[in-house]
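Student: Got a sequence here, can you model it:
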Amino acid sequence: MQTTKYNVQGGENRLLDAKVAEGQESARRGQLELMIEILKETIEPVKKTHILYKVRINYYQLVSYLGLLLKLEMIEEIAEPFEGFIIADKGKLLLQLFATM
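Tutor: Predicted coordinates for the structure are as follows:
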């Protein structure tokens, strides 16, 4: 891995690790990784804002991923003890499958 200097806003030079060699993984998370992280956060009932902060994504991404996971029946909306989300049986199965890989 090669370390590269970048000029960051504010005029400061900071060293950031940049993966420039071909074939190395990107530092960005993929869709599947984000969905898995959301599923892990919903093992217990959780509010939308808590998912947002724990998974570190913006609101628009959160709404998109929650909509997809709801459509795939991986999570369920709940009203008690508060409005939020909890993992469904399909979501638990997916987490178990990825845990064995």
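Student: what's the distance between Lys47 and Ile86?
Tutor: Using Cβ to Cβ, to the nearest Å, Lys47 is found at 11 Å from Ile86. Any C-beta I mention is one placed from the backbone N, CA and C, and that applies to glycine too.
Student: same check, this time on Gln31
Tutor: Between Gln31 and Ile86 the computed distance is 21 Å (Cβ to Cβ).
Student: The two: which is more packed in?
Tutor: Comparing Gln31 with Ile86 by other Cβ atoms under 10 Å, the one with more neighbours is Ile86, at 14 against 11.
Student: Check which residues of the host helix or strand of that one are buried.
Tutor: Per DSSP states H and E: Ile86 is located in strand 84-87. Judged by neighbour count (16 or more other Cβ atoms under 10 Å), strand 84-87 contains these buried residues: 84-85, 87.
Student: Now Glu44: closest residue in space, sequence neighbours ignored.
Tutor: In space, and not counting its chain neighbours, Glu44 is closest to Ile86: 7.2 Å by Cβ to Cβ, 6 or more residues apart in numbering.
Student: Give me the three-state assignment for Gly94.
Tutor: Quick fix: residue 94 reads Leu, not Gly. Assigned with DSSP: H, G, I helix; E, B strand; the rest coil, Leu94 falls in the helix class.
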